[in-house]
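K.L.:
prediction below, plus the sequence it came from.
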2 protein chains.
Amino acid sequence: MSATDAAEPAGAPAGGAGPADGAGGAAAGVAASVTGSVSPAGSVRAATMFDVARVAGVSHQTVSRVLNNLPGVRASTRVRVEQAMTELSYVPSPAARTLASRRSQTIGLIQAGRPDYGPSNAALAFNEAAHAANYTVTQAGMRDFDAASLRAAVQMMVRHNVEAIVLISGERQALDIIRGIERSVPLIAVSSEDVGGFHRVAMNQYEGARLAVEYLISIGHTDIAHVAGPADSMDATERVRAWSDTLAAHALPQRPAIIGDWQSTSGYAAGRAMIGARDPAHPLPTAVFVGNDQMALGVLHAFRDAGVRVPGEVSVMGFDDIPEAAHFAPPLSTMRQDFSGLGRDIMAVVLDVLVDEQKAGDRAGRVSEMVVRESTAPPRTGAARSAR
Amino acid sequence: MSATDAAEPAGAPAGGAGPADGAGGAAAGVAASVTGSVSPAGSVRAATMFDVARVAGVSHQTVSRVLNNLPGVRASTRVRVEQAMTELSYVPSPAARTLASRRSQTIGLIQAGRPDYGPSNAALAFNEAAHAANYTVTQAGMRDFDAASLRAAVQMMVRHNVEAIVLISGERQALDIIRGIERSVPLIAVSSEDVGGFHRVAMNQYEGARLAVEYLISIGHTDIAHVAGPADSMDATERVRAWSDTLAAHALPQRPAIIGDWQSTSGYAAGRAMIGARDPAHPLPTAVFVGNDQMALGVLHAFRDAGVRVPGEVSVMGFDDIPEAAHFAPPLSTMRQDFSGLGRDIMAVVLDVLVDEQKAGDRAGRVSEMVVRESTAPPRTGAARSAR
DNA sequence: TCGGGCTGTCCGAGGGTGTCG
DNA sequence: CCGACACCCTCGGACAGCCCG
C-alpha cells in the first residue's frame, strides 16, 4: 500500500537531487499550483481566508464562521465556502489562529528520564492519539531533570499557548517540581500516586504486583524477596507496597527489599547481594519478584554466575514484559503492561480536560496481565532441596 | 533620567489593553507588577514589546532591533532595553513572531517505526540539543508509517512554519516517501545511504560491521554467518554489505544472510533455521554476526534450546550494545553505537543548514566501538571439535 | 556646514478571532 | 445572515530628526 503511491511530484527541480532514479518523475505532477496563489517572485503563498472569501464571494468572517462551525451561516453559503476551501486546499494558519485566539491546538509533552521501553511506547501512542485528535504536540525530553530545566520547559510551553501539559515520568520528584510551577494550563501526568494538583493517568501497579506475588504464593512459595525500582519511582513504591501487603496478608515473613535503578546492572548487583548474604541461617529465598524485566535479567545473570538454578532453586518473576523477556535464560515470567493503552488513556484524559476541566476524571484502571514462562515454578520441597 | 517618565500621556483605561492605548499610569505602577500587566479582569497578560519599550523609554522598534540583534542601537540603549526585558521577564510571543516573520524557531521531528533503543536515544539527545540551541521541537511519531501519515505529518509541520524537518527512521521507505513530498523546508535525515535530496546524518555502519567481522576472522573464524535486519533498513543493508565484502576480502566462503526484523523473536527463528539446516554436509557456522543485540538474544536462546554452546561451538556477535547486552547468557560481545552522539550530530547539521543550506555538509563519521565480552572466542580446532 | 550613526514615528503586513450593527 | 471594525503581537521598510564630530 504505502510503497506504491510514494511517487509524488518530485520536488526540487533545481538543486538537482530529487529521488535520484527509480522514483521516475512519473506522477502527473499538477496539483501543485491549484493550491495557492503564486506571488510575482514565484514562491507559492498558501491560501488565506481572504482568498477563500473571494472565491466563495463572501467576507472573510463568514469563512471564519464556517471554519469554526459557528451558527449563523446559511447552509448554501456554508457549502460554497467549503467548496472554495477545498478548491484552494486552504488550511488555516496555526500561528495566526493562536495569536488571535490564544488557543493553539497544541499539547506539550514533557518526558523526564531515560527513554525506556515503557515511557517510550506510552509517549508514542500518546503522540499518535494526539495527532488523530488533530492536536500538535511539542515535546521536551530530558534525561536528567532538575527544577531549572523543568521550569524552562513549562514556561516555553506556556508561552507557546499549549492547551495542556502532559508529563510522562515515573519520578516522583519530576512530578513534584512540575506541580509546584505556576502555570495557567492543566497538567496531566502519569502517576501512580494521587497527590492532587493535576489530572492523573496510571496503570494499577498495586494490583499488578499483587497478582504477581499471589501467583508465586499460589504455587507454593513462602519466602519471596523483592528487587525494587528506585525509591523516587512511584511505580516502584506501589509494587513494593503490594508485595509487602500481600506477604503480610498471608502471614508470610518478608525480607527487606533490595533497591535497584531499573537497569540490568543493578539487578545483577541485587542478585549478587542475595547470594553473598547467604549462609546456613539465611538461605536464598525461593522466589524473587523483580520490579522490571531489565533488572530481572541482571538477577538471572547473577544467579547463573553463582550456579543458582532458575527456577530450580529460585523462581524469578519480572514486570513489564518487554519483547526480549521471552528470550531470557530462562524465558521470564512477568506481568505484561499495556503501555500503548496508557498512552491512549493519556490523550483521552487530555480531551476530557479540554472539554471541562472540572468534570474530567482520572484514569487508573489498566491492570497488568500475567505471562507465565519458564522462570517460575513451585519451590522444591525441603526434602528434595536438601537432597540436591 | 529614569524610565518612568518616558511615558506617553496616560490614556483612559477605557479602551482595553492594546498596544494602541496610552498604556499610561506607568510611573509607579511599573514596579508593582514586575512580571506583566494586569488587565481589569485580573488575569495577567504577558508583557509585550510595548511594555518593554515604555519601561526602557524607547520605541517598540528599538526593542525589536535589540531583540533581533540588528545594528543601529547604541550600546547603552541596548542595555537599558535588555534590563527592561529582564525586569518584565518579557518573552516575545512565538505566535506573533512566527506570523510576522514566517520563522518559528521550531524544528519538526518525525519518528517512524518502533521506539527502539537506538532511535529513542537519538531522538532524546536531539531534543535536548534543540532546546539548548533555543529551538522548539514539534513531534510526530508513528509506529506504522504509510505515505498518507507521513504526508500529513509533513504538511502539518510546514503549515506550522518549522524551519527544518528531521527524520529519524532507519527505513528506506519512510525516507523515500518523505523525500518525494513537496516541501519548502530542508530535510535532515538519519540515513546510511546517500541518495541525495536531503541532508544526511549517520553513523558509519559499514565500518562498524567490518570491524566486527574482521575481529571474528582475527580470532580464527572462517565460517561466519549473518543474521540481518529487515531488507528495508538501510543500516541492515550496510552491515550486510560490510560482512559480505569482508569475507570476500579474506577469500572466505559465505552463506546467505538470514533476514530478521530486529526483534528477538526473529533472532530466535534465525537461530533455529541455522540449527535445522545442519547436517553432516552443512555444519553450523563457527560464528554468527547478528545485526543487533535483540536478535542476538534470540539467537542465543535458540542455541541454548538446541544445546549449542556459545561460544564453545559458535561465537555470537551483536550490534548496538544495549544496556542489557552485558547480562545476556553469555554476556554479549557487540559493537557499541553512540546514539546520543548521533542525536547531537543531527542538531548540529540542522544548525548548519539553517545558517547556509548550501554549505552545510553531512555528518557520517561515528564508528562503533567494539565491546568484547563472553559470547565470542576462537573456534575449536577440527580435532578438538570432533573430539567432543 | 555637512555627513553619519542612533532613534523615533508611521505604516503595512501577517492570517485569524471576537463583537457590534 | 453577514459584513465592518478593532485587535492579537511582532516584523520590517520608509523616512525624518537629533546629536556629534
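P.N.:
Looks like it arrived, so ask away.

K.L.:
I'd assumed A:His327 was in contact with A:Arg373.
P.N.:
No - with contact defined as C-beta atoms under 8 Å, A:Arg373 does not count as touching A:His327 (9.8 Å). (Glycine included, C-beta is placed from N, CA and C.)

K.L.:
between those two, which is the more surrounded one?
P.N.:
Neighbours were counted for A:Arg373 and for A:His327 using other C-beta atoms under 10 Å in any protein chain shown; A:His327 has more, 28 against 18.

K.L.:
ok, now which ones touch that one?
P.N.:
B:Ser264, B:Thr265, B:Gly267, B:Tyr268, B:Leu297, B:Gly298, B:Leu300, B:His301 (C-beta atoms under 8 Å, 6 or more residues apart in numbering or on different chains).

K.L.:
just the element for the last one, please.
P.N.:
Using DSSP states H and E, B:His301 maps to helix B:293-305.

K.L.:
would you mark the buried spots in that helix?
P.N.:
For helix B:293-305, a neighbour-count test (16 or more other C-beta atoms under 10 Å in any protein chain shown) marks B:Asp293, B:Gln294, B:Met295, B:Ala296, B:Leu297, B:Gly298, B:Val299, B:Leu300, B:His301, B:Ala302, B:Phe303, B:Arg304 as buried.

K.L.:
again, but for stretch A:230-245
P.N.:
Neighbour counts over stretch A:230-245 (16+ other C-beta under 10 Å) mark A:Pro230, A:Asp232, A:Ser233, A:Met234, A:Asp235, A:Ala236, A:Thr237, A:Glu238, A:Arg239, A:Val240, A:Ala242, A:Trp243 as buried.

K.L.:
got it, and stretch A:100-110?
P.N.:
For stretch A:100-110, by 16+ other C-beta under 10 Å, it's A:Ser104, A:Gln105, A:Thr106, A:Ile107, A:Gly108, A:Leu109, A:Ile110.

K.L.:
contact partners for the spatially most central residue of chain A?
P.N.:
With distances taken as C-alpha atoms, centre = their mean, A:Ala122 lies nearest the centre of chain A, 1.8 Å away. With contact set as C-beta under 8 Å, 6+ apart, A:Ala122 has these partners: A:Ile168, A:Val190, A:Phe339, A:Ser340, A:Leu342, A:Gly343, A:Ile346.

K.L.:
of all those, which comes closest to A:Asn69?
P.N.:
The shortest approach to A:Asn69 among these belongs to A:Ile346, at 26.3 Å (C-beta to C-beta).

K.L.:
what about that closest one, how many neighbours?
P.N.:
30.

K.L.:
what's near enough to touch it?
P.N.:
A:Ile346 neighbours (C-beta under 8 Å, 6+ apart): A:Ala122, A:Phe126, A:Ala129, A:Val166, A:Ile168, A:Ile188, A:Val190, A:Val201.

K.L.:
that one: which element?
P.N.:
Going by DSSP H and E, A:Ile346 is part of helix A:339-355.

K.L.:
that helix and DNA strand C in contact?
P.N.:
No - judged by C-beta under 7 Å from any atom of the strand, helix A:339-355 stays clear of DNA strand C, getting no closer than 14.5 Å.

K.L.:
flag every buried residue along that helix.
P.N.:
Buried residues in helix A:339-355 (16+ other C-beta under 10 Å): A:339-354.

K.L.:
now the strands for the stretch 1-150 of chain A?
P.N.:
For the stretch 1-150 of chain A, the strands defined by DSSP state E, counting those that start in this stretch occupy A:36-38, A:44-46, A:106-112, A:136-142.

K.L.:
now the second one: mean pLDDT?
P.N.:
This means strand A:44-46. Strand A:44-46 shows a mean pLDDT of 72.
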